[in-house]
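[1] Quick one: sequence and predicted model below, then my questions.
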Amino acid sequence: MKVRVLLLLLILGLLAPFAQAQDPVTVKLWMHNHGPRIAIDEELIAEFMEENPHITVEYEIVPDYFTALQTAMAAGAGPDVFNQFTLFNAQFYAQDMLAPVDPVAMGLQTIEDVYARYGEGLAGETVLAGNTFNGVLYGLPTELSNYACYTNDDLWLEGGLDPATDFPETWEGLIDAALQLTKRDDDGALIQRGFDFNWSAAIYMMLHFDPMVTQLGNSMIDEVTYTADINNENVKRVMQYWSDIVNVHEIGGPQYTVSRNAFNAGELATECTFGNWGTPGMEEAGINYSIHNIPRWDDAVNDLGFATYAFYLQVNADAPREVQEAGWKLVAKLTSRPDRYLNEAALFQPIAEYLATDDFQNNEIMPVFLDELYRGQYHPRFANFAEVGDALGRARDRVVLGGEDMDVVLQETEDEVNAILERALADIEAAGGG
């Protein structure tokens, strides 16, 4: 009898870890609304729950996503896994809300294996730099984006230019092309713009304006020291270029239809703030387009285009350990079909194995974007990103639209932004974050 009891206890002891590993786990997943992606998410989540019957995934598309996510996380009531924009993930990192990537839970062995999944050597580091802080990786990209210039080839050819041979490599050359492609009615009003910037949101000051500054030197914002350098000759040169579009050449500005909408309406010959995700809309609108690299200054010291940005799947650091592990397992699943996300939802997940396939190699849209990705860099990442963007947007409007003295405006803006960053850094240090 004692032998049987001891044997039973031994068997139960051996089985206990397996029983514990199969304890029910619920993972709450929040995503922003991108219609073409949702059906893929739902299919992969259903497969995931079949493969892991002890894990239940509660998948929710959240309205007013960024505000709702920030509010819920700050209140300690956030989801276990969530998609976050690189513009705002530094805030979550600073508040210790992010769990480091768990390669074992993902089915890998080391963090080096995770980086290798996105390319050998510096390629993986370049791709994943948007959510790496102090050498630690905190998420994986569900959609990585950058920018290229699209030309309406019909409008270019009508204007006497062939985009295949005449598209300029420099910002200086783009002005010349834009002037040739601009059309006015008998009263001088613009009826077709040759080129214009996207003036519709202040965040573009970091995604578009700042990279033009960085081509000439350094970014306006140092994400390591949390300091701003705005009143300098490089910023003045870029600001003057934007101002000349409106006030000297009179070929664009915020008073006109937003550049992306105007391009799809056939009213703008060149648009440089679409990602690869813009092509379905162009095709639906019947635009005959081609894709080109972002221009550089003729004397640029840094070879990069506009900023890289991304959405990363991240795991809540406050979730229980077993939920975090299930969460990283789910993240691995949701980044396992880059072919479907690109082909069906125009979302780019740069998994190295997929990049080597014939399917990707034969993709006619991605080569320029991949070239810009490996030569480019992410925008600076820092807490209070939106507040800084608003300050820079006001500076642009004061100079370009208000005609205020550029030296005065840029110095006042530098002081304002440094105060914002100093406050953000003080909040981080007070909270013990980062």
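    Here it is on my side, so go on.
[2] now for whichever strand or helix holds residue 92, which elements pack on it?
    Using DSSP states H and E, residue 92 falls within helix 89-94. Other helices and strands packing on helix 89-94, by 3 or more Cβ pairs under 8 Å, 6 or more residues apart in numbering; DSSP states H and E, are strand 309-315, helix 406-431. Bear in mind the C-beta positions are built from the backbone N, C-alpha and C, glycine included.
[3] So which bits of the following helix or strand past it are buried?
    From helix 89-94 onward toward the C-terminus, using DSSP H and E, the following helix or strand is helix 111-117. In terms of neighbour count (16 or more other Cβ atoms under 10 Å), helix 111-117 has its buried residues at 111, 114-117.
[4] so which pair among the residues you listed is furthest apart in space?
    Farthest pair in the buried residues of helix 111-117 (Cβ to Cβ) is 111 and 117. Separation: 10.5 Å.
[5] so which of the helices and strands packed on helix 89-94 is the most packed in?
    strand 309-315 (a mean of 25; mean count of other Cβ atoms under 10 Å).
[6] what sits up against that strand?
    Strand 309-315 is contacted by residues 32, 80-87, 89, 92, 98-99, 102, 130-131, 138-146, 207, 324, 327-328, 331, 334-335, 378-379 when judged by Cβ atoms under 8 Å, 6 or more residues apart in numbering.
[7] all strands of the stretch 51-200 of the chain, in order?
    For the stretch 51-200 of the chain, the strands defined by DSSP state E, counting those that start in this stretch occupy 55-61, 81-85, 132-133, 136-137, 140-145, 148-152, 183-184, 190-192.
[8] Who are the contact partners of residue 118?
    Contacts of residue 118 by Cβ under 8 Å, 6+ apart are 124, 127-128, 350-352.
[9] what are the phi and psi angles of it?
    Main-chain dihedrals, residue 118, degrees, to the nearest 10: phi -110, psi 10.
[10] Contacts only, for the residue nearest to residue 185 when sequence neighbours are not counted.
    Leaving aside its sequence neighbours, residue 185 sits nearest to residue 191 (Cβ to Cβ, 6 or more residues apart in numbering; 5.3 Å). By Cβ under 8 Å, 6+ apart, the contact set of residue 191 is 183-185, 267.
[11] ditto for residue 119
    So residue 119 contacts 126-127, 350, 352, 355 (Cβ under 8 Å, 6+ apart).
[12] if we can go back for a sec, for the helix holding residue 92, the distance to its chain's centre please.
    Chain-centre distance of helix 89-94: 15 Å, with Cα atoms, centre = their mean, to the nearest Å.
[13] and what of stretch 318-333?
    23 Å.
[14] Stretch 58-72 now?
    Offset of stretch 58-72 from its chain centre (Cα atoms, centre = their mean): 18 Å.
[15] hmm, who's touching it?
    26-33, 38, 41-42, 45, 78-79, 82, 84-85, 88, 91.
[16] and if we set it to 6 Å?
    28-33, 45, 78 (Cβ atoms under 6 Å, 6 or more residues apart in numbering).
[17] From these, list just the buried residues.
    Applying 16+ other Cβ under 10 Å to the contacts of stretch 58-72, the neighbour count classes 28-32, 45, 78 as buried.
[18] Show me which pair in those is furthest apart.
    Longest span within these, Cβ to Cβ: 45 and 78, 18.8 Å.
[19] Now the element after the helix or strand of the chain with the lowest mean pLDDT, going C-ward?
    For the chain, using mean pLDDT, DSSP states H and E, the weakest element among its helices and strands is helix 2-21, scoring a mean of 46. The first helix or strand that comes after helix 2-21 along the chain, using DSSP H and E, is strand 25-31.
[20] Which elements pack onto that following strand?
    The contact analysis (3 or more Cβ pairs under 6 Å, 6 or more residues apart in numbering; DSSP states H and E) places strand 25-31 against strand 55-61, strand 81-85, helix 321-334.
[21] Same list (those) but as TSV, adding mean pLDDT.
    Formatted as TSV, the helices and strands packed on strand 25-31 follow (pLDDT from 0 to 100):
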stretch	mean pLDDT
strand 55-61	98
strand 81-85	96
helix 321-334	98
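[22] Looking at these, which is nearest to residue 422?
    strand 81-85 (23.9 Å).
[23] how about the closest one as CSV, C-alpha atoms only?
    The C-alpha trace of strand 81-85 is given here as CSV (Å, rounded to 0.1, in the frame of the first residue of the first chain):
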residue,chain,number,x,y,z
VAL,A,81,-0.9,43.2,-25.1
PHE,A,82,-1.3,46.3,-27.2
ASN,A,83,-0.2,48.0,-30.4
GLN,A,84,1.6,51.3,-29.9
PHE,A,85,2.9,54.0,-32.2
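[24] partners of that strand, with directions?
    strand 25-31 (parallel), strand 309-315 (antiparallel) (DSSP bridges).
[25] where in the stretch 301-434 of the chain is pLDDT low?
    433-434 (pLDDT under 70).
[26] these two touch, right, residue 156 and residue 165?
    No. The criterion here is Cβ atoms under 6 Å, and residue 156 misses it with residue 165 at 10.4 Å.
[27] Tell me which of the two has more neighbours.
    A side-by-side neighbour count of residue 156 and residue 165, using other Cβ atoms under 10 Å, places residue 156 first with 23 against 6.
[28] Tell me how far that one lies from residue 301.
    Noted for residue 156: a distance of 30 Å to residue 301, by Cβ to Cβ, to the nearest Å.
[29] And for residue 287?
    Going from residue 287 to residue 301 by Cβ to Cβ gives 35 Å.
[30] between these two, who's got more neighbours?
    residue 287 (21 against 12).
[31] How about that one, nearest residue that isn't a chain neighbour?
    For residue 287, the closest residue by Cβ to Cβ, 6+ apart turns out to be residue 152, at 5.7 Å.
[32] do the same with residue 196
    Distances taken as Cβ to Cβ, 6+ apart place residue 252 nearest to residue 196, at 3.2 Å, with adjacent residues excluded.
[33] part of a helix, is the one you found?
    No. Secondary structure of residue 252 (DSSP: H, G, I helix; E, B strand; the rest coil): coil, not part of a helix.
[34] just to revisit the earlier point, for the contacts of residue 191, pick the one with the most neighbours.
    residue 267 (18 neighbours).
[35] Write down the beta-bridge partners of the residue nearest to that residue when sequence neighbours are not counted, one by one.
    If the residues on either side of it in the chain are set aside, residue 267 comes closest to residue 192, at 5.9 Å by Cβ to Cβ, 6+ apart. Bridge pairing for residue 192 (DSSP bridges) gives the partners residue 183.
[36] Understood, closing this out.
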